[in-house]
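A.B. asks: Can you look at this prediction? I've put the sequence above it.
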Amino acid sequence: TSSQNATTANGKLIVVANRLPFVLRKNDQTGKWERKASAGGLVTAVAPVVIQGNGLWIGWPGVQLDDPNMPIPESDPSDCTPTAGLRSNQVVAVYVEPQIFDSYYNGCCNGTFWPLFHSMPDRAVFSSDTWKAYAAVNHEFADKTLNALKCLNKEDIEAGAPLVWLHDYHLMLAANTIRNEAESLDLKFKIGFFLHIPFPPWDIFRLFPWADEILQGMLGCDMVGFHIEDYCLNFVECCQRRLGCRVDRKSLLVEHGGRTVRIRPLPIGIPYDRFLQMAHEAPKLISTNQQIVLGVDRLDYTKGLVHRLRSFEALLEKHPEHIGKVTMLQISVPSRTDVKEYQELKEEMDQLVGRINGKFTTPNWSPIRYIYGCVSQMELAAFYRDSAVALVTPLRDGMNLVAKEYVACQINPSPGVLIVSPFAGAGEMMHEALICNPYEIDDAAEVIHRALTMPEDERVLRMNCLRRREKENDVNYWMRSFLKAMGTLITEDGEDVLP
Ligand code: G6P
């Protein structure tokens, strides 16, 4: 399969993302800075390509550094994560003044673009101050990228045009700056962008006062990738209606500044084999013979957590036969805790869990087990493997990897059932899951009931299909699809296996 071939880019890969593939932490005892690896799928797929091709990763180290010029520490010898081989000279830490960074990250990225792009405009705050900070930080990332391009030696460039890969809504302006400034310096390179969240319809996107600049920023690329075709079409329509670009909806092309920009759906996958292996190795952690209904999310208002708890409450009301026999396990990972909306959601969830538990708990059972905190990948694999139902019911979600991780871990002969929202990118493709509109609380309760009572043969049929699809379309396949869309894919055997 695609994942077995080593993937390399023709030309050096320069990844530019808000976050580096690890965070820096100061060791309290030694006072020295150390790397703490991140576990995400993006890092798993992309870091090896950067390492192999001697590329670069430009990003924010996750903390405020004491000294902007501080050298990046090498990885710990015991580190066996995918980023361990990333040498310190392959990492560029972007330093921004704390106040500007706060205005860019908490203000513009998480206070404006996050809600707006998830079609929740009422939650979005529009402010020219945070927008200025956003532009300044994008400029800083662009400068670092230009510097990296200037520092490449002749052999690097002769091996193939370097490839700059920008990630996500934090960096929507950088491509244009890089392209404009590189032109006067006569630097040759290719540049692509991937948006990890939805791209909203024109009628929502147009609310952003500086919408033109965002579109122009992204159109500085040769290719712009989104998870699904709907987001591609939204983007194409915005380019046409806002900038008056000539577009081709069928071939997904946008003409801009005398160039043609390719728009591509590139649905991301997970490191399937890694989850499969963890599911085999993970110890049994859930000590109950009850059916577990599992939810795993960053604590974020887009995830539909309040709706989810209400539908579980409705299930217990409408189908009391589940009382004492079914438990919901909700893991909420703290996220963006400096943003007011996230603090308020935390309060609301704490109260709601308390209220529902107070209503139904018996001396020997309570309906909801609620974890507000981080769990390890191994614990997660155990929870996925041993849960009867996974509830993935966001109100809006670019893709949602929890749905995919759950099916990868379903190794028991009597598998569980995935419930997924149609408003997640994952809901578009995982056809054999039960689809549930999270806004319809009573109907969602019925879907959970159906999942809990589904005959084994139907569960097996559905899960087999879901697993096969995720195995084939894993995160390595996504990485290769991106390189192919950029025209820079090389495989070990020289064979191109993508359609
Ligand atoms: C989403 C975004 C990522 C982001 C992640 C965690 O998945 O698409 O870019 O890194 O959320 O959010 P954080 O603000 O902690 O980076």
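C.D. replies: Looks like it arrived, so ask away.
A.B. asks: Phi first, then psi, for the residue of the chain found nearest the ligand.
C.D. replies: Across the chain, no residue is closer to the ligand than H196, which sits at 3.6 Å (C-beta to the nearest ligand atom). No exception for glycine: its C-beta is placed from N, CA and C like everyone else's. The phi/psi pair for H196 (degrees, to the nearest 10) reads phi -90, psi 0.
A.B. asks: thinking it is in contact with G398, fair?
C.D. replies: Yes. Counting by C-beta atoms under 8 Å, H196 touches G398, with 5.6 Å between them.
A.B. asks: Looking at L152 now. What's its pLDDT?
C.D. replies: At L152, the pLDDT value in this model is 88.
A.B. asks: Report how many residues lie close to it.
C.D. replies: Using other C-beta atoms under 10 Å, L152 is surrounded by 18 other residues.
A.B. asks: For Q343, list the residues it contacts.
C.D. replies: Going by C-beta atoms under 8 Å, 6 or more residues apart in numbering, Q343 touches T337.
A.B. asks: so who does M430 touch?
C.D. replies: For M430, the contacting residues are A403, K404, V407, L418, V420, L466, R469, by C-beta under 8 Å, 6+ apart.
A.B. asks: Let me have those in a markdown table, adding secondary structure and neighbour count as columns.
C.D. replies: Below are the contacts of M430 laid out as a markdown table (DSSP: H, G, I helix; E, B strand; the rest coil; neighbours: other C-beta atoms under 10 Å):
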| residue | secondary structure | neighbour count |
| --- | --- | --- |
| A403 | helix | 28 |
| K404 | helix | 30 |
| V407 | helix | 29 |
| L418 | strand | 26 |
| V420 | strand | 27 |
| L466 | helix | 24 |
| R469 | helix | 17 |
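A.B. asks: other SSEs contacting the helix or strand where V293 lies?
C.D. replies: Element membership for V293, per DSSP states H and E: strand 291-298. On a contact count with 3 or more C-beta pairs under 8 Å, 6 or more residues apart in numbering; DSSP states H and E, strand 291-298 meets helix 305-318, strand 326-333, helix 377-385, strand 389-392, helix 402-408, helix 441-452.
A.B. asks: switch to 6 Å and redo it
C.D. replies: Counting contacts by 3 or more C-beta pairs under 6 Å, 6 or more residues apart in numbering; DSSP states H and E, strand 291-298 packs against strand 326-333, strand 389-392.
A.B. asks: Give me the distance from the longest one to the chain's centre.
C.D. replies: Spelled out, it's strand 326-333. Its chain's C-alpha centre and that of strand 326-333 lie 21 Å apart, by C-alpha atoms, centre = their mean, to the nearest Å.
A.B. asks: Same question for the shortest one.
C.D. replies: Using C-alpha atoms, centre = their mean, the mean C-alpha position of strand 389-392 is found 18 Å from that of the whole chain.
A.B. asks: With stretch 413-424 instead?
C.D. replies: The chain centre lies 19 Å from the centre of stretch 413-424; the measure is C-alpha atoms, centre = their mean.
A.B. asks: Looking at it now, give me its mean pLDDT.
C.D. replies: 98.
A.B. asks: Could you do stretch 116-130 as well?
C.D. replies: Average pLDDT, stretch 116-130: 98.
A.B. asks: How about the residues of this protein by the ligand?
C.D. replies: R19, D168, H196, I197, S335, R336 (C-beta under 6 Å from any ligand atom).
A.B. asks: residues near the fifth one, how many?
C.D. replies: Summarising burial for S335: neighbours were counted as other C-beta under 10 Å, giving 15.
A.B. asks: in terms of contact, does it touch T302 like I think?
C.D. replies: No. The pair S335 / T302 is not scored as a contact, 10.7 Å apart, by C-beta atoms under 6 Å.
A.B. asks: Could you dump the residues of the chain next to the ligand into CSV with secondary structure added?
C.D. replies: As requested, the residues of the chain next to the ligand are exported to CSV (DSSP: H, G, I helix; E, B strand; the rest coil):
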residue, secondary structure
R19, strand
D168, coil
H196, coil
I197, coil
S335, coil
R336, coil
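A.B. asks: Mark which of those are buried, thanks.
C.D. replies: Buried residues within the residues of the chain next to the ligand, counting neighbours by 16 or more other C-beta atoms under 10 Å: R19, D168, H196, I197, R336.
A.B. asks: pLDDT added to these, as JSON lines?
C.D. replies: Output for these, formatted as JSON lines (pLDDT from 0 to 100):
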{"residue": "R19", "pLDDT": "96"}
{"residue": "D168", "pLDDT": "97"}
{"residue": "H196", "pLDDT": "97"}
{"residue": "I197", "pLDDT": "97"}
{"residue": "R336", "pLDDT": "96"}
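A.B. asks: Out of these, which comes closest to Y477?
C.D. replies: Of all those, Y477 sits closest to H196, with 16.5 Å by C-beta to C-beta.
A.B. asks: That closest one and N18, how far apart?
C.D. replies: 10 Å (C-beta to C-beta, to the nearest Å).
A.B. asks: Excluding chain neighbours, give the residue nearest to the residue most central in space within the chain in space.
C.D. replies: Geometric centre of the chain, nearest residue: H196, 5.3 Å, by C-alpha atoms, centre = their mean. Nearest residue to H196, sequence neighbours excluded (C-beta to C-beta, 6 or more residues apart in numbering): D168, at 4.7 Å.
A.B. asks: Same check on F126?
C.D. replies: P209 is the one closest to F126 (C-beta to C-beta, 6+ apart), at 5.8 Å.
A.B. asks: Checking that neighbour next. Helix, strand or coil?
C.D. replies: Taking three-state DSSP, the label given to P209 is coil.
A.B. asks: the strands in the stretch 201-350 of the chain, which residues?
C.D. replies: Assigned by DSSP state E, counting those that start in this stretch, the strands in the stretch 201-350 of the chain fall at 223-226, 247-248, 253-256, 259-265, 291-298, 326-333.
A.B. asks: who does the third one pair up with?
C.D. replies: According to DSSP bridges, strand 253-256 has the following sheet partners: strand 247-248 (antiparallel), strand 259-265 (antiparallel).
A.B. asks: And the first one, by the same measure?
C.D. replies: In the sheet, strand 223-226 lines up against strand 190-194 (parallel), strand 259-265 (parallel) (DSSP bridges).
A.B. asks: Please apply the same query to the last one.
C.D. replies: Strand pairing for strand 326-333, using DSSP bridges, gives strand 291-298 (parallel), strand 368-372 (parallel).
A.B. asks: Please tabulate those strands in CSV, including the columns mean pLDDT and mean neighbour count.
C.D. replies: Formatted as CSV, the strands paired with strand 326-333 follow (pLDDT from 0 to 100; neighbours: other C-beta atoms under 10 Å):
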stretch, mean pLDDT, mean neighbour count
strand 291-298, 97, 22
strand 368-372, 98, 17
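A.B. asks: could you redo those strands as JSON lines and give each row distance to D76?
C.D. replies: Below are the strands paired with strand 326-333 laid out as JSON lines (distance: least, C-beta to C-beta, whole Å):
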{"stretch": "strand 291-298", "distance to D76": "26"}
{"stretch": "strand 368-372", "distance to D76": "28"}
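A.B. asks: Thanks again, I'm all set now.
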